[in-house]
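Enquirer: Give me a 3D structure for the following:
(one chain, ligands or ions: 2)
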Amino acid sequence: MEEAERICAERGSRFTELRKRILTMIWQGHKAVKAYDLLDQLATEGGSAKPPTVYRALDFLMDEGLVHKIQSLNAYIGCPHPGEDHISQFLICDNCETVEEVSSPALSKAVSSAAAGQSFQIKRQTVELHGTCSKCAKDQKAA
Ligand SMILES: [Zn+2]
Ligand SMILES: [Zn+2]
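Expert: Residues are numbered from 1 along each chain as shown. Ligands and ions are numbered 1, 2, ... in the order given. Next up, the predicted model:
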């Protein structure tokens, strides 16, 4: 959170209370968080945040590189290394919904050159891998 505040301050971005609250909520667990879960939680806290405000806050956090959107889940996850320019891959556990961010330069390079081979211009590169995390795999073995 301090890191996030520092990044926003450096860029002169407005890090409002709501944006802080949303970022904290996204960071609460290792799971990706859906926008309506955020709305629900804000409502139970007595807030009056409207969906467009929350979506704007999420766009802001994404623009600042503080969160990533997991397209296949339509959910958001905090970025462990904000402020760094990086292309990441996401390991998504279909069992416990934990999302882990990994960054493999070799993989993003391979994707880029495959696209270049087709003269395709990549706007956004997101690799989302679905499967079973190590913890769930262990649990399944034990069961
Ligand atoms: Zn990241
Ligand atoms: Zn799992």
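Enquirer: can you give me the strands in this structure?
Expert: 33-34, 67-70, 75-78, 89-93, 99-102, 127-131 (DSSP state E).
Enquirer: Quick check: closest non-adjacent residue to the residue of the chain found nearest ligand 1.
Expert: Closest contact between the chain and ligand 1, by Cβ to the ion, is at residue 79 (3.3 Å). C-beta here means a position set from N, CA and C on the backbone, and glycine is covered the same way. Distance criterion Cβ to Cβ, 6 or more residues apart in numbering; nearest residue to residue 79, sequence neighbours excluded, is residue 68 at 5.5 Å.
Enquirer: show me what contacts that neighbour?
Expert: With contacts defined as Cβ atoms under 8 Å, 6 or more residues apart in numbering, the neighbours of residue 68 are 62, 76, 77, 79, 88, 90, 101, 126.
Enquirer: Pull the number of nearby residues for the second one.
Expert: What that stands for is residue 76. Residue 76 has 25 neighbours, counted by other Cβ atoms under 10 Å.
Enquirer: Alongside ligand 2, which residues does the chain contribute?
Expert: Applying Cβ under 5 Å from the ion, one finds that the chain approaches ligand 2 through 93, 95, 96, 98, 133, 136.
Enquirer: Of those residues, keep whichever come out buried.
Expert: For the residues of the chain next to ligand 2, a neighbour count by 16 or more other Cβ atoms under 10 Å gives the buried set as 93, 98, 133.
Enquirer: how many other residues sit next to the closest residue to residue 129 other than its chain neighbours?
Expert: Excluding its sequence neighbours, the residue lying closest to residue 129 (Cβ to Cβ, 6+ apart) is residue 91, at 5.3 Å. Neighbour count for residue 91, taken as other Cβ under 10 Å: 17.
Enquirer: Residues in contact with the lowest-mean-pLDDT helix or strand in the chain: which ones?
Expert: Every helix and strand in the chain was compared by mean pLDDT, DSSP states H and E; the lowest is helix 2-11, with a mean of 82. Here helix 2-11 makes contact (Cβ under 8 Å, 6+ apart) with 14, 15, 20, 23, 64, 65, 66, 82, 83.
Enquirer: doesn't residue 17 make contact with the fourth one?
Expert: No: assessed by Cβ atoms under 8 Å, residue 23 is found out of contact with residue 17, at 10.8 Å.
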